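Engineer: just coords:
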């Protein structure tokens, strides 16, 4: 039996286990299983792998996408550049093992937003500065889009929410939430911006997928915005994870 799973904390919001259980059933894959591994901290990461030799690959989610890097032996170039990993491939030889880090978020983000990127989209607002945000910014930068990065805390090159005046919101055609705001069970929370400035010229993308339509997206819909949920990204990055785990390439 090959085991795969998800590491993060908490994991009550995650659809990954359900997604892979359905995938294994629908595709007749009988020698694999997928489990949730909620770790309050990463000190339990290596003991988990040492205690179960059937674990062959893992997804990494909030809040460990950057912290996990210190445990990995080899990073793919894109994951190294972004500084965040959400897929770990485990190769074992006897009692030794090597851990390889990848970022399939990039694939999910590309697949979700690139179909909607036109030459008219030149500026984006990105909420959050964590691992998912870095993957989003990587994709946007490769598309030549200027980024206004926003966080709760003021840092060099990063705005705070109160900085988002009408000019910044009006100029941004793409607004992306990479924070957990609106995620189950806190579904009423959302980024603190002036939603009255949103128009049909804005595209809103929320990486949160549970619920599929967050409060952030619902506010955008009420203003005529085009909205993109995180569900397509989840499916895309999950399939990329499966490809990585089953590839001979390292």
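Structural biologist: Sure, I can see it. A quick note: this is a predicted structure, and the numbers were derived from the prediction, not measured. Numbers count the residues shown, from 1 in each chain.
Engineer: pLDDT weak spots in the protein?
Structural biologist: Scanning the chain with the threshold set as pLDDT under 70 gives 250.
Engineer: okay, now the domains of it?
Structural biologist: Residue ranges for the domains of the chain, per automatic domain parsing: 2-103, 106-233.
Engineer: Turn those domains into JSON lines, columns for distance to residue 243 and mean neighbour count.
Structural biologist: Placement of C-beta: from N, CA and C, glycine included. Formatted as JSON lines, the domains of the chain follow (distance: least, Cβ to Cβ, whole Å; neighbours: other Cβ atoms under 10 Å):
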{"stretch": "domain 2-103", "distance to residue 243": "10", "mean neighbour count": "16"}
{"stretch": "domain 106-233", "distance to residue 243": "9", "mean neighbour count": "18"}
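Engineer: Out of those, which gets nearest to residue 246?
Structural biologist: Proximity to residue 246 (Cβ to Cβ) singles out domain 2-103 among the domains of the chain, at 8.7 Å.
Engineer: ok, back up a step: and of the domains of the chain, who's closest to residue 248?
Structural biologist: domain 2-103 (10.4 Å).
Engineer: would you turn the domains of the chain into JSON lines with distance to residue 239?
Structural biologist: Putting those into JSON lines (distance: least, Cβ to Cβ, whole Å) gives the following:
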{"stretch": "domain 2-103", "distance to residue 239": "8"}
{"stretch": "domain 106-233", "distance to residue 239": "8"}
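Engineer: Let me see the contact set for residue 42.
Structural biologist: If you count contacts by Cβ atoms under 8 Å, 6 or more residues apart in numbering, residue 42 has them with 7, 64, 67, 68, 71.
Engineer: can you rerun that using 10 Å?
Structural biologist: 7, 9, 48, 60, 63, 64, 67, 68, 70, 71 (Cβ atoms under 10 Å, 6 or more residues apart in numbering).
Engineer: With residue 226 instead?
Structural biologist: Residues in contact with residue 226, defined by Cβ under 10 Å, 6+ apart, are 116, 174, 200, 201, 202, 203, 204, 205, 220.
Engineer: ok, the residue nearest to the third one when sequence neighbours are not counted - contacts?
Structural biologist: Leaving aside its sequence neighbours, residue 200 sits nearest to residue 224 (Cβ to Cβ, 6 or more residues apart in numbering; 3.7 Å). Residues in contact with residue 224 (Cβ under 10 Å, 6+ apart) are 198, 199, 200, 201, 202.
Engineer: Recalculate using a threshold of 8 Å.
Structural biologist: With Cβ under 8 Å, 6+ apart, residue 224 has these contacts: 198, 199, 200.
Engineer: picking up where we left off before, let's see which of the contacts of residue 226 end up in helices.
Structural biologist: When DSSP state H is applied, the contacts of residue 226 are split such that residue 220 fall in helices.
Engineer: With respect to residue 96, which of the contacts of residue 226 is nearest?
Structural biologist: Using Cβ to Cβ, residue 205 comes nearest to residue 96 of the contacts of residue 226, at 41.5 Å.
Engineer: The closest one and residue 245: what is the separation?
Structural biologist: Distance, residue 205 to residue 245, by Cβ to Cβ, to the nearest Å: 27 Å.
Engineer: again with residue 204
Structural biologist: From residue 204 to residue 245 the distance is 32 Å (Cβ to Cβ).
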